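# Prediction below, plus the sequence it came from.
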Amino acid sequence: MALATGAPPRPITELLNRSRRTSVLKGDWGKRLGALPGRVSLQLYGGPGSYKSTAATQLAGELADSGKRVIYLASEEGYSPSLVDRFERLEVRSPLIDVWSGSHLPGILERALSEDYDAVVLDSYDAVTGIQPNHVSMISQTRQVPLVVVSQGTKAGDAAGPQAISHLVDVVVRFEDGQAHVTKNRFGPLVAFPVLTQEVA
């Protein structure tokens, strides 16, 4: 009987070793979300005061702690005292993080990506103009960099805006009643835990 053609057999231990990832997040969020690859995309959404911007700031800090040069697009708050106070309260002070205020996303992304940032945080999706769902895949897949998108929540408990965003991203976290609910995670567990409001580990 002729043997099947194709790649030769490989030990399962070799395949397991190749599949192991070192998470791009090194702090509390990394512990809760699992080993996320360097091109991961996340959506954070919830109502006003649900700590989604707090989480975005913490994620920016963890990305910087892993050596990423981060652009934090503060399209909703701009360079406001509330943004500065939040970064100060959470002790996120890495020189690898730049904050940029703006509202027209295509122009913002063109400049941000041309300056070779290693990670993009958009806070928030609802406060920018000119955005299309394909911008998510353009950043996380084409550039192979982490992307965090903050969105408002609806009364029905969904993320505001095109539902295509939730389908395109790797991880979705809903913030409600002091809890962070991981409702989608291609690389780790679906979990719920109290929001992390004090500091970045």
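Yep, it's here.
# and residue 30, which of the three is it?
Following DSSP: H, G, I helix; E, B strand; the rest coil, residue 30 is assigned to helix.
# Oops, could you answer that again for residue 94 instead?
State at residue 94, reduced to three classes by three-state DSSP: coil.
# Kindly report the same for residue 83.
Of the three states, residue 83 takes helix under three-state DSSP.
# roughly how far apart are the nearest residue to it once chain neighbours are set aside and residue 86?
Take residue 83 and drop its neighbours on the chain: the residue closest to it by Cβ to Cβ, 6 or more residues apart in numbering is residue 77, 4.4 Å away. Yep, even glycine has a C-beta here, placed from its N, CA and C like the rest. For residue 77, the distance to residue 86 equals 9 Å [Cβ to Cβ, to the nearest Å].
# Please apply the same query to residue 25.
The value you get for residue 25 to residue 86, if Cβ to Cβ is used, is 19 Å.
# out of those two, which sits in the busier spot?
Here residue 25 and residue 86 are set side by side on neighbour count (other Cβ atoms under 10 Å), and the busier one is residue 25, at 24 against 17.
# for the more buried one, phi and psi?
The phi and psi torsions at residue 25 (degrees, to the nearest 10) take the values phi -100, psi 130.
# Got the confidence number for the nearest residue to residue 186 once chain neighbours are set aside?
Nearest non-adjacent residue to residue 186, counting by Cβ to Cβ, 6+ apart: residue 170, 4.5 Å away. Reported pLDDT at residue 170 in the predicted model: 92.
# One more: the one 3 residues further on?
At residue 173 the predicted local distance difference test score is 96.
# again, but for residue 7
If you check residue 7, the pLDDT there is 71.
# Quickly find the element holding it.
Residue 7 is part of no helix or strand, with elements assigned from DSSP states H and E.
# Just give me the neighbour total for it.
One way to gauge burial is a neighbour count; for residue 7, by other Cβ under 10 Å, it gives 5.
# how near is residue 196 to residue 171?
From residue 196 over to residue 171 (counting by Cβ to Cβ), the distance is 15 Å.
# same question but for residue 56, I mixed them up
The span separating residue 56 from residue 171 equals 13 Å under the rule Cβ to Cβ.
# Common neighbours of residue 77 and residue 86, please.
Here residue 77 and residue 86 share the contacting residues residue 53, scored by Cβ atoms under 8 Å, 6 or more residues apart in numbering.
# Tell me the gap between stretch 109-129 and the middle of its chain.
In terms of Cα atoms, centre = their mean, to the nearest Å, the centre of stretch 109-129 is set 12 Å apart from its chain centre.
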